[in-house]
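[1] Below are the sequence and a predicted model; questions follow.
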Amino acid sequence: LSIFPKKYIESFETRKILNEIENDIHPKINVSSPTFKAISINGNLVDLVKYKGKYVLLDFWATWCPPCIKQLPFVKNIRSKYDSSHLQIISVSLDHDSIKLISAIREKDLNWIHILDSDNSLSNKFNVKSIPVLILINKEGLIEYNSSVDEDNEKLIELLDGESGGRSSKMKGI
């Protein structure tokens, strides 16, 4: 940047571009989550705003992604451990073949909300550049965890346990 005149470096446009580059390199934690409305594979409207007051775990994945498939048991464990009235899981699939996606969901018994993001609109909104990515949005609508920033999924469990005391039976008492 030092080769450019100061008036260009300090311009609104340059600051905006640098901020976008910084966000691409380092997605932010403890910032407001983007909102979205999408149609689930079951045909239901999914409006992120409706889940304010509970935790939301977004799981960006695809059936053709081996690391994503490897992560599914971890997500299934979260679903079984935490009560759905306080933690909503929404998988966002980057697949293009809805039949293959639906088949995988049934075969692997993935009992939470699924959205097909074949146009990448949601993954772009959340700055997802590669998959799998888990993003935890807290009750206030802030992104509290992003696995593309911190790949330690145990931190995700610690965040959920810290809020809930751990088990789904305790989570019901929040």
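    Nice, I can see it. Residues are numbered from 1 along each chain as shown.

[2] can we go C-alpha only for contacts and neighbour counts from here?
    OK.

[3] Please verify my assumption that N146 contacts N138.
    No: using C-alpha atoms under 8 Å, N146 is not in contact with N138, being 11.7 Å away.

[4] Give me the buried positions along the longest helix along the chain.
    Longest helix in the chain by number of residues (criterion: DSSP state H): helix 66-81. Residues C68, I69, Q71, L72, V75, K76, I78, R79, K81 are the ones in helix 66-81 that count as buried (16 or more other C-alpha atoms under 10 Å).

[5] Could you report the neighbour count for L87?
    Neighbour count for L87, taken as other C-alpha atoms under 10 Å: 25.

[6] Find me the pLDDT at it, would you?
    Listed pLDDT for L87 reads 95.

[7] ok, for it, nearest residue in space, not its chain neighbours?
    With C-alpha to C-alpha, 6 or more residues apart in numbering as the criterion, L87 has its nearest non-adjacent residue at 4.6 Å, and that residue is Y55.

[8] So which residues of the protein form helices?
    6-9, 12-25, 66-81, 98-107, 121-125, 153-164, 168-171.

[9] The last one - what's its average pLDDT?
    Confidence over helix 168-171, taken as the mean pLDDT, stands at 38.

[10] so what does the longest helix of the chain touch, helix or strand wise?
    Contacts defined by 3 or more C-alpha pairs under 8 Å, 6 or more residues apart in numbering; DSSP states H and E place helix 66-81 against no helix or strand at all.

[11] Now do that helix and helix 98-107, the angle between them.
    Counting by axes from the mean of the first three to the mean of the last three C-alpha atoms, to 10 degrees, helix 66-81 points 50 degrees away from the direction of helix 98-107.

[12] what angle do helix 66-81 and helix 153-164 make?
    Comparing the axes of helix 66-81 and helix 153-164 via the same axes, to 10 degrees yields an angle of 20 degrees.
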